[in-house]
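In: here is my input; please provide its structure:
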Amino acid sequence: MQEVKPFDSQRFFKVLDALKVPEILSRDFLFEIYDTVVEGLNEFGKTNLLSSFSTVNTLSVISYLINEHFYGMVGLSKEDITRFENDEKYKTKLASIVMDKYLTNEHLEYKEVSPNSRFYPPISTMKLYLNFILGMLTRFKKNNPYETLIVDMLNKAFSMGNCITDLLINGFETEAFSTWRTLHETECMTAILFKYGKPVVERYLRHMTYAIAFRNGIGSKEKQDEIFVEIKANMRALDLKSKDMKRYIEYGWLMAVPNIEQVENFKLNFRDGVERVAELSQYSSTYEMSSEIAHSSPLLIYSRKTFFNDLTLVNLYESFFRLEKIFFTVYTSSISEDEQQKYAAMRNVYYAQMAAIHQREKGRFILAAKKRGSKVENPGKTDSETKEADD
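Out: Numbering: from 1, shown residues only. Modelled structure (predicted):
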């Protein structure tokens, strides 16, 4: 390894300024430890024990140092911090920890084997579109459920999509599949609330209050008791028993959906309620499989990486297409005609590419399943396939 030349104190202090290091920490102390760590890394490099250890990321070293020292000093007085910074044993220990963390986390990091990389087009295109949408969502007000519920749900859904791609990149396919389960639940609820609007949204928000009361989150006992009286009265009207309270709190808002009594085999649960009303029951078997993974069944421990990787990717795309359609309506209704045209131009390029990717990945997944003799559900046309046929 080529010897690392440490930053001089002036350059080091500029880095600390850029990182906004709290003034309560001694900069001379940090520079002293930094210099010790670089010296240790240079000595380690001479042994050539790690084939991957050919360069040193100086900014990473500094970041480990700052965070390690600051975390240990949180809550201490200036006098106590100074006492630690003058303690030779503490200096030696801190330098050793920073060096160990840098070498282990940056050069010996454990990585799962993954069939993907961040440059793989099905991943990179999805990431591009997700990052674009999440960026656009920053323009909207958030975290006021009485005004921003749909935007908040879209933001969480697309954030989960981003999380799923990161998990797939890093080889965590079962964890990604479990996260898709939550994404699917979020998608179903978002679809219902967006479709039926204010009356159902208002009932959903009321049940949100019920859930807070059920978890003893209402500050006033008198107010909490009033809410439970309301819950019990509503349950009696639906001929529900006391044992059904949690189920009613979670899913009773569905009773506000118009003509809910006409939904075949409707029940107050996810699969026969939310999923059925959202008209996404074709994912029921996949959802059940994901639930097995989420609850640590043998399927989790002895899973086939490529199967769950490909299954998750295909389902992520299909959830994305439907959620993007809702986002498109919400977003374009709030921007100028010029911005609408710019978004449409971007959408025409990348949505079409994603539709083609989805078709290819889905076909490859089904073919691989048939070769294994597995039965794979075909959910039918997605929005991507319909759009592609229309184009």
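
In: show me what stretch 233-244 is in contact with.
Out: Here stretch 233-244 makes contact (Cβ atoms under 8 Å, 6 or more residues apart in numbering) with 245, 247-248, 252, 255, 268. All C-beta atoms are positioned from the backbone trio N, CA, C, and that covers glycine.

In: quick check: the farthest pair among those residues?
Out: The most widely separated members of the contacts of stretch 233-244 are M245 and M255, with 14.7 Å between them, by Cβ to Cβ.

In: count of residues packed around E187?
Out: Neighbour count of E187, defined by other Cβ atoms under 10 Å: 26.

In: from the contact counts, what lies against the strand or helix carrying it?
Out: Secondary structure from DSSP states H and E places E187 in helix 173-196. Using 3 or more Cβ pairs under 8 Å, 6 or more residues apart in numbering; DSSP states H and E, the elements in contact with helix 173-196 are helix 145-169, helix 198-214, helix 275-277, helix 284-294, helix 305-332.

In: now render those as JSON lines, adding mean neighbour count and mean pLDDT.
Out: Shown next, in JSON lines, are the helices and strands packed on helix 173-196 (neighbours: other Cβ atoms under 10 Å; pLDDT from 0 to 100):
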{"stretch": "helix 145-169", "mean neighbour count": "19", "mean pLDDT": "97"}
{"stretch": "helix 198-214", "mean neighbour count": "17", "mean pLDDT": "97"}
{"stretch": "helix 275-277", "mean neighbour count": "21", "mean pLDDT": "97"}
{"stretch": "helix 284-294", "mean neighbour count": "17", "mean pLDDT": "94"}
{"stretch": "helix 305-332", "mean neighbour count": "21", "mean pLDDT": "95"}
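
In: ok, which of those comes nearest S60?
Out: With Cβ to Cβ as the measure, helix 145-169 is the member of the helices and strands packed on helix 173-196 nearest S60 (19.6 Å).

In: tell me the phi and psi of E112?
Out: Dihedral pair for E112: phi -70, psi 150, per degrees, to the nearest 10.

In: burial check on K111, number of neighbours?
Out: Residues near K111, counting by other Cβ under 10 Å: 7.

In: swap that for N105, sorry
Out: 12.

In: how near is it to F7?
Out: Distance, N105 to F7, using Cβ to Cβ, to the nearest Å: 21 Å.

In: give me the low-pLDDT residue ranges for this structure?
Out: The chain contains residues with pLDDT under 70 at 1-2, 48-54, 374-391.

In: change it to 80
Out: Within the chain, the stretches with pLDDT under 80 are 1-4, 45-55, 109-111, 303, 372-391.

In: break it down into its domains, please.
Out: Split into domains by automatic domain parsing, the chain comes to 9-107, 121-216+284-390.

In: can I get these in JSON lines with distance to F228?
Out: Formatted as JSON lines, the domains of the chain follow (distance: least, Cβ to Cβ, whole Å):
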{"stretch": "domain 9-107", "distance to F228": "40"}
{"stretch": "domain 121-216+284-390", "distance to F228": "7"}
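
In: who wins for proximity to V229 among those?
Out: Closest of these to V229 is domain 121-216+284-390, at 10.7 Å (criterion: Cβ to Cβ).

In: centre of the chain to the closest one, how far?
Out: Distance of domain 121-216+284-390 from its chain centroid, counting by Cα atoms, centre = their mean, to the nearest Å, is 11 Å.

In: what of stretch 22-32?
Out: 35 Å.

In: can you point out the buried residues in the lengthiest helix in the chain?
Out: Ranked by residue count and defined by DSSP state H, the top helix of the chain is helix 337-372. Neighbour-count burial for helix 337-372 flags 343, 347, 351, 354-355, 357-358, 361-362, 365-366, 369 (criterion: 16 or more other Cβ atoms under 10 Å).

In: adding distance to F44, write these out as CSV.
Out: Formatted as CSV, the buried residues of helix 337-372 follow (distance: Cβ to Cβ, whole Å):
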residue, distance to F44
Y343, 51
R347, 51
Y351, 50
M354, 46
A355, 51
I357, 44
H358, 47
E361, 44
K362, 49
F365, 45
I366, 51
A369, 48
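
In: out of the residues you listed, which is nearest to S220?
Out: Nearest to S220, judged by Cβ to Cβ, of those is Y343 at 45.9 Å.

In: double-check the closest one against S333; I have them as touching.
Out: No: using Cβ atoms under 8 Å, Y343 is not in contact with S333, being 11.8 Å away.

In: let me see the contact set for L168.
Out: L168 neighbours (Cβ under 8 Å, 6+ apart): 114, 116, 123, 176, 309, 312-313.

In: okay, the residues you listed in a markdown table with distance to I164 next?
Out: Listed next are those as a markdown table, based on distance: Cβ to Cβ, whole Å:
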| residue | distance to I164 |
| --- | --- |
| S114 | 13 |
| N116 | 11 |
| I123 | 10 |
| A176 | 5 |
| N309 | 11 |
| T312 | 7 |
| L313 | 9 |
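
In: next one: R322 from T190, what distance?
Out: 9 Å.

In: do R364 as well
Out: 29 Å.

In: G40 now?
Out: From G40 over to T190 the distance is 52 Å, taken as Cβ to Cβ.
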